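**Q** Got a predicted model here, sequence first, then my questions.
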Amino acid sequence: MDKSDAIFPLNRIRNIGIVAHIDAGKTTLTERILYYTGRVHRIGEVDEGSATMDWMDQEKERGITITSAATYCMWKGYKINIIDTPGHVDFTVEVERSLRVLDGGVIIFSAVEGVEPQSETVWRQGDKYGVPRITFINKMDRVGADFFRTVEMMEKKFSIIPLILQLPIGTENEFRGIVDIMKMKGYIWDTETLGATYKEIEIPDELKQTSLKYREKMLEIISEHNEGVAEKFVTDVEISEEEIKDNIRDLTLKNVITPVYCGSAFKNKGVQKVLDAIIDYLPSPLEVPPVKGTNPDTDKEEERSADVGEPFSALVFKIVSDPHGRLSFARIYSGTVSTGKTLLNVSAGKRERVSRIIQMHANKRAEIKEAHAGEIAAFVGFRSTKTGDTLTDQKHPLLFEPPTFPEPVISISIESKTREDQSKLAYALERMLDEDPTFRVRQDKETGQTLISGMGELHLEIIVERMRREYGVKVKTGYPRVAYRETITDIAESEGRFVKQSGGKGMFGDVKLRIEPSKNRFEFIDKTKGGVIPVEFIPAVQEGVEEAMETGILAGYPVINLDVYLIDGSYHPVDSSALAFKIAGSIAFKNAYQKANPVLLEPVMRIEVLVPLEHLGNVIEDLRMRRAKIQSIEQNKEEQIILAIGPLSEFFGYTTRLRSLTKGRGVYSMMFDHYEHLTPEYLDKLLKKLRGY
């Protein structure tokens, strides 16, 4: 058996994600981790386009991470599986699906900017899945770096207990190393070895009192949660390093505290200590609660533990299509899988044969014969499997809850330049849909145009670029447009009948539906009794409803956020068919929808603008003209931070306007927040615009 196929001790595995706001230094930190663990022999740099983890052409050109990349390394006898995630808000889906399957996270903050909007988003995603985290305050060497301000922002914005375990020695261009609060020693990194070696020093005199203060604070926090430590602390009995570590680990795994580290990844300072912290304080697969799922045969909840002896189970969290084949990335929760085995895709109700198993290092592949509980692996060639699907042993099916993804907020039209490219475009769109759960494709029934939708202008720009480069499709695109949605505000009932007689066998379908407003979901519920509609026709009714929901009556946008109840109907023993009930379901829905007071929803964005004080008034006035609501104004050194929410439709081209208002000094970031009813005034304007008058 190949070494890579051997069962690695589960208590020595760490599955972690490295996440942060864009440009906080995630990929730079990952590159150093790979270098110091011997995984690579040259440090890749994001700015040079040579980073191992940013392997896509667009990533190299733009200097940003676009897709999450998986790798692994060894450190002090432990195996660390790492996913380096994007920081740009348009690719937040990559963070969402990664955190769903990971056991721990390293959250990076820039010591200059502190807690930024996307930092808050990824922190909330970590909270959602209960992921234990450690934090690394990066860029301590940069002008404007402020360690304590960043810690204060973390405490205030996340309502957490930050446990400071390191202090910086120097700051900005004077930053030299760190003080280890637990060991009460200083560490200085050797620049000649690119930070591969470092030396232990005594704590500099100017930091001794501060270090003692934070050591006392560390012990106080631990004492509040452990009576034994508290007793030793108040009676001045020495507390061993091992006991401190054990308590910090326990509190971190319970998400009571968040250990705080610092350094400069770019200047190769502090990285090895982060690796130590991953081992010391983040969980192994054995320390994560058993994963829960529903047995489709019994509808009862069952658990799977991280044990190779249990039946196989895994959750697919990412699909990648490339010239070498279709890869399904999965987190294996229990059991063992080997090549040649047939698995059950419980979500799709289909079988998948394991032809090849791959362990990934960015875009490089290493083939293995087996994969085990606690690992992250990729499977080649699965046909029916999609993101969020559950794979299990055929005899022991279990369905896990998939990750949830936000709805796209922006659309553009797309078409092939030549007739020959039409089939290529269709194939490329199919592959992109496979990979990205936040990407949508639909046909505008009025214009016949193909519309693609995504999370932002950059998201769609990257998708179009990939189609051109990877699939050789020549395409042209239209201007960005807002992905409005429709919904209802009242309850309504209606009947839908489809009857057709043509001499031979006819068509007959009759249904009655009730529709009700719902919050952030769609559900179809069968409430019929006594077999008024045969059970085999009910899925066809749902299919007709869902097809009708694709284009609402107000303005032709998809309908969301409602529940549909099938409450009555009738059938003909000879003439009824699935198609007839599908058409009847569609008719009933459209009739009820018109009665239910439909409204248009527009995507509202959370906006953060950094602006010099002298331009604050002009920027606020411009924001208000764009229907933005100012929520707060904070000061960040010489800049003002404006936090606002506003409709996406008003912010196309805002970059150019902001530069004009601030003489090129203002910057902003924007992310989706929620959908909101469009006011009658703006609805009327939009409908006139859509209808061309």
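**A** Great, that's in hand.

**Q** give me the number of residues near residue 152?
**A** Counted with other Cβ atoms under 10 Å, the neighbours of residue 152 add up to 14. Just so you know, the C-beta spots here come from the backbone N, C-alpha and C atoms, and that holds for glycine as well.

**Q** how about it, secondary structure?
**A** Look at residue 152: counting by DSSP: H, G, I helix; E, B strand; the rest coil, its state is helix.

**Q** So for it, what pLDDT did the model give?
**A** Predicted confidence (pLDDT) for residue 152: 93.

**Q** and what of residue 339?
**A** 91.

**Q** now do the one 5 residues further on
**A** You'll see residue 344 listed with a pLDDT of 95.

**Q** Could I get the CA-only coordinates of stretch 391-405 as PDB?
**A** Listed next in PDB are the C-alpha coordinates belonging to stretch 391-405 (Å, rounded to 0.1, in the frame of the first residue of the first chain):
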ATOM      1  CA  LEU A 391     -22.500   9.900  -0.700                       C
ATOM      2  CA  THR A 392     -22.800   6.800   1.400                       C
ATOM      3  CA  ASP A 393     -22.400   3.000   1.500                       C
ATOM      4  CA  GLN A 394     -25.200   1.500  -0.500                       C
ATOM      5  CA  LYS A 395     -26.600  -0.600   2.400                       C
ATOM      6  CA  HIS A 396     -26.500   2.300   4.900                       C
ATOM      7  CA  PRO A 397     -28.000   5.400   3.300                       C
ATOM      8  CA  LEU A 398     -28.000   8.700   5.200                       C
ATOM      9  CA  LEU A 399     -28.800  12.200   3.900                       C
ATOM     10  CA  PHE A 400     -26.800  15.200   5.300                       C
ATOM     11  CA  GLU A 401     -28.000  18.800   5.200                       C
ATOM     12  CA  PRO A 402     -26.300  20.600   2.400                       C
ATOM     13  CA  PRO A 403     -24.700  24.000   2.700                       C
ATOM     14  CA  THR A 404     -27.000  27.000   1.900                       C
ATOM     15  CA  PHE A 405     -26.100  29.500  -0.700                       C
END
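
**Q** Contacts for it next, please.
**A** For stretch 391-405, the surrounding residues in contact (Cβ atoms under 8 Å, 6 or more residues apart in numbering) are 93, 96-97, 100, 291-297, 302, 304, 311-317, 330, 333, 335, 342-347, 351-352, 385, 387-390, 437-438.

**Q** List the buried residues in it.
**A** Buried positions in stretch 391-405, judged by neighbour count with 16 or more other Cβ atoms under 10 Å: 391, 392, 393, 396, 397, 398, 399, 400, 402, 403, 405.

**Q** where's it relative to the chain centroid, distance-wise?
**A** Mean-position distance between stretch 391-405 and its chain equals 19 Å (Cα atoms, centre = their mean, to the nearest Å).

**Q** What of stretch 653-673?
**A** Remark: stretch 653-673 is offset 25 Å from the chain centroid, using Cα atoms, centre = their mean.

**Q** can you check stretch 125-132 too?
**A** Taking Cα atoms, centre = their mean, one finds stretch 125-132 lying 11 Å from the centre of the chain it belongs to.

**Q** just use 8 as the starting number from now, easier for me
**A** Understood, numbering begins at 8; the last thing we discussed is stretch 132-139.

**Q** Run through who's touching that stretch.
**A** Identification of contacts with stretch 132-139 by Cβ under 8 Å, 6+ apart yields 24, 26, 99, 102-103, 106-107, 109-112, 114, 140, 259-262, 288-290.

**Q** Could you turn the buried ones of those residues into a PyMOL selection?
**A** In PyMOL, this line selects whichever of these come out buried by 16+ other Cβ under 10 Å:
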select buried, resi 24+26+99+102+103+106+107+109+110+111+112+114+140+259+260+288+289+290
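
**Q** Give me the most central residue, the chain.
**A** residue 103 (2.1 Å; Cα atoms, centre = their mean).

**Q** ok so it is a helix residue?
**A** Yes: counting by three-state DSSP, residue 103 is part of a helix.

**Q** do you know how far it is from residue 411?
**A** 7 Å (Cβ to Cβ, to the nearest Å).

**Q** Show the model's pLDDT score for the residue nearest to the centre of the chain.
**A** If you check residue 103, the pLDDT there is 76.

**Q** got a list of what it touches?
**A** Residue 103 is in contact with 132, 410, 411, 412, counting by Cβ under 8 Å, 6+ apart.

**Q** 10 Å instead?
**A** The contact partners of residue 103, by Cβ atoms under 10 Å, 6 or more residues apart in numbering, come to 92, 128-129, 132, 135-136, 324, 410-413, 444-445.

**Q** What subset of the contacts of stretch 398-412 is buried?
**A** Judged by 16+ other Cβ under 10 Å, buried ones among the contacts of stretch 398-412: 100, 103-104, 107, 298, 300-301, 309, 311, 318-324, 337, 340, 342, 350-354, 359, 392, 394-397, 444-445.

**Q** from these, which ones fall inside strands?
**A** Mapping the buried ones among the contacts of stretch 398-412 onto strands (DSSP state E) picks out 298, 300-301, 309, 311, 320-324, 337, 340, 350-352, 359, 397.

**Q** Do me a favour and get the backbone dihedrals for residue 246.
**A** Taking degrees, to the nearest 10, you get phi -110, psi 120 for the backbone angles of residue 246.

**Q** Check the contact between it and residue 255; I expect there is one.
**A** No: between residue 246 and residue 255 there is no contact under Cβ atoms under 10 Å: 11.6 Å.

**Q** Pull up the overlap in contacts between those two.
**A** residue 229.

**Q** Which helix or strand in the chain has the lowest average pLDDT?
**A** Lowest by mean pLDDT, DSSP states H and E among the helices and strands of the chain is helix 64-69, with a mean of 43.

**Q** which one of residue 246 and residue 255 has more residues nearby?
**A** Per other Cβ under 10 Å, whichever of residue 246 and residue 255 has more neighbours is residue 255, with 23 against 17.

**Q** Now the more buried one: which helix or strand?
**A** Per DSSP states H and E: residue 255 is located in helix 248-260.

**Q** Only the C-alpha atoms, please, for that helix, written as CSV.
**A** The C-alpha trace of helix 248-260 is given here as CSV (Å, rounded to 0.1, in the frame of the first residue of the first chain):
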residue,chain,number,x,y,z
GLU,A,248,2.3,25.2,30.4
GLU,A,249,0.6,21.9,29.7
GLU,A,250,-2.4,22.7,31.9
ILE,A,251,-2.7,26.2,30.4
LYS,A,252,-2.7,24.7,26.9
ASP,A,253,-5.2,22.0,27.7
ASN,A,254,-7.6,24.7,29.1
ILE,A,255,-7.1,27.0,26.1
ARG,A,256,-7.8,24.1,23.8
ASP,A,257,-10.9,23.1,25.7
LEU,A,258,-12.3,26.7,25.6
THR,A,259,-11.4,27.2,21.9
LEU,A,260,-13.2,24.0,20.9
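
**Q** which outside residues touch it?
**A** 110-111, 139-141, 168, 170, 172, 188-190, 222, 225-226, 228-233, 235-236, 239, 246-247, 263-266, 284, 286-291, 294-295.

**Q** quick one: which of these sit in helices?
**A** In helices, defined here by DSSP state H, the members of the contacts of helix 248-260 are 222, 225-226, 228-230, 235-236, 239, 284, 286-288.

**Q** Stretch 346-353: how far from the chain's middle?
**A** Using Cα atoms, centre = their mean, the mean C-alpha position of stretch 346-353 is found 27 Å from that of the whole chain.

**Q** shaky segments in this protein?
**A** Along the chain, the parts satisfying pLDDT under 70 run over 8-13, 48-76, 93-100, 124-125, 329-332, 367-371, 452-454, 509-511, 643-645, 697-700.

**Q** Scan the chain for its longest strand.
**A** Longest strand in the chain by number of residues, with DSSP E as the criterion: strand 605-619.

**Q** Paired strands for that one, with orientation please.
**A** Strand pairing for strand 605-619, determined by DSSP bridges: strand 492-495 (antiparallel), strand 646-654 (antiparallel), strand 674-684 (antiparallel).

**Q** The shortest one: what's the following helix or strand?
**A** Using DSSP H and E, the next helix or strand after strand 492-495 towards the C-terminus is strand 499-507.
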